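[1] Sequence isn't available, so here's the structure alone:
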Ligand SMILES: Nc1ncnc2c1ncn2[C@@H]1O[C@H](COP(=O)(O)OP(=O)(O)OP(=O)(O)O)[C@@H](O)[C@H]1O
């Protein structure tokens with residue numbers, strides 16, 4: 001039987017001049033691969049900020065199940081160009097959150113974990129390359145590896161494949177799908193790319209101004225996308 005990991009109970013969010021999410025209720029099951037789609041400015045990032053608890057809903061509740069401590073979130077941001085002079089290697093970047101202010105060196109166990117993640121994300125061969133000189137796809141894989149450092153059970157990809165070339169998109173999402181299938185990692189993929197959403201996810205949540213629709217990805221037809229975008 002499926003078990004919920006995240007529940008949005010009648011969630012709304014209003015900025016001072018604009019309400020972006022209204023009365024949204026949704027239950028995310030453990031092990032699901034959910035795509036969140038919808039036009040620019042509809043509130044996808046705002047919704048993710050509420051899940052990440054950076055924003056508090058104006059109304060309603062964001063609940064983690066069975067409790068807040070049982071859910072560890074990993075977050076992969078949108079691609080941003082990094083200064084070519086950025087000094088950290090891919091390996092050091094991945095282990096960054098292990099390094100403390102007083103003890104910047106990593107323990108043997110931590111170095112092992114970084115090694116596992118390099119293997120998992122197929123970055124071992126380029127691990128000593130400065131992140132600033134890595135390709136877009138390698139940078140995003142390094143962000144993915146960094147997000148996996150604390151063994152999350154919920155992974156959020158916030159338009160993480162936007163501006164990557166088709167091969168890099170596929171590589172990144174193949175890695176994520178493999179984690180989803182092998183380890184049961186629950187995934188939320190925010191995207192504008194309907195074909196990618198169809199290929200990788202099993203559920204969708206389509207946000208439109210003032211309302212939303214959700215269901216199995218097979219129900220997200222081209223007609224529905226066109227109709228909702230023109231509504
Ligand atoms: N801090 C803020 N104050 C006021 N309005 C904001 C603020 N942040 C976002 N907005 C507005 O809220 C709306 C929703 O923004 P959000 O970034 O959540 O949309 P989105 O669906 O993620 O868009 P995109 O697909 O373009 O990334 C937008 O109209 C945006 O301009």
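    Good, I have the coordinates. In this text, all values refer to a predicted model and were calculated from it rather than measured experimentally. Residues are numbered from 1 along each chain as shown.
[2] which helix is the longest one in this structure?
    Counting residues, the longest helix found in the chain (DSSP state H) is helix 166-183.
[3] of all the residues in the chain, which ones are close to the ligand?
    15, 18, 20, 38, 40-46 (Cβ under 6 Å from any ligand atom). For glycine as for every other residue, the C-beta is placed from the backbone atoms N, C-alpha and C.
[4] Strands - which of those land there?
    Among the residues of the chain next to the ligand, the residues falling in strands (DSSP state E) are 15, 18, 20.
[5] Can you name the residues bridging to the first one?
    It refers to residue 15. When assigned by DSSP bridges, residue 15 has beta-bridge partners residue 18.
[6] burial count for it?
    11 (other Cβ atoms under 10 Å).
[7] can you give me the helices for this protein?
    Under DSSP H, the chain gives helices at 44-51, 90-94, 108-120, 136-148, 166-183, 194-200, 222-230.
[8] quick one: low-confidence parts of the chain?
    1, 99-104, 228-231 (pLDDT under 70).
[9] Any chance you could list what contacts stretch 10-19?
    20-25, 43, 46-47, 50, 55, 57-62 (Cβ atoms under 8 Å, 6 or more residues apart in numbering).
[10] Now with 10 Å, please.
    For stretch 10-19, contacts defined as Cβ atoms under 10 Å, 6 or more residues apart in numbering pick out 20-26, 41, 43, 46-47, 49-51, 55-63, 209-210.
[11] Give me the buried subset of those residues.
    20-22, 24, 26, 43, 46-47, 50-51, 55, 57, 60, 62-63 (16 or more other Cβ atoms under 10 Å).
[12] out of these, who's nearest the ligand?
    Nearest to the ligand among those, counting by Cβ to the nearest ligand atom, is residue 46 at 3.4 Å.
[13] Quick check: the closest one touching residue 55?
    Yes. Counting by Cβ atoms under 10 Å, residue 55 is a contact partner of residue 46 at 6.6 Å.
[14] if we can go back for a sec, what is the orientation angle of the longest helix of the chain with helix 108-120?
    Counting by axes from the mean of the first three to the mean of the last three Cα atoms, to 10 degrees, helix 166-183 lies at 120 degrees to helix 108-120.
[15] Pull out the buried positions in stretch 68-77.
    For stretch 68-77, burial by neighbour count (16+ other Cβ under 10 Å) applies to 71, 73-76.
[16] for those, which one is nearest residue 148?
    Nearest to residue 148 among the buried residues of stretch 68-77 is residue 74, at 5.8 Å by Cβ to Cβ.
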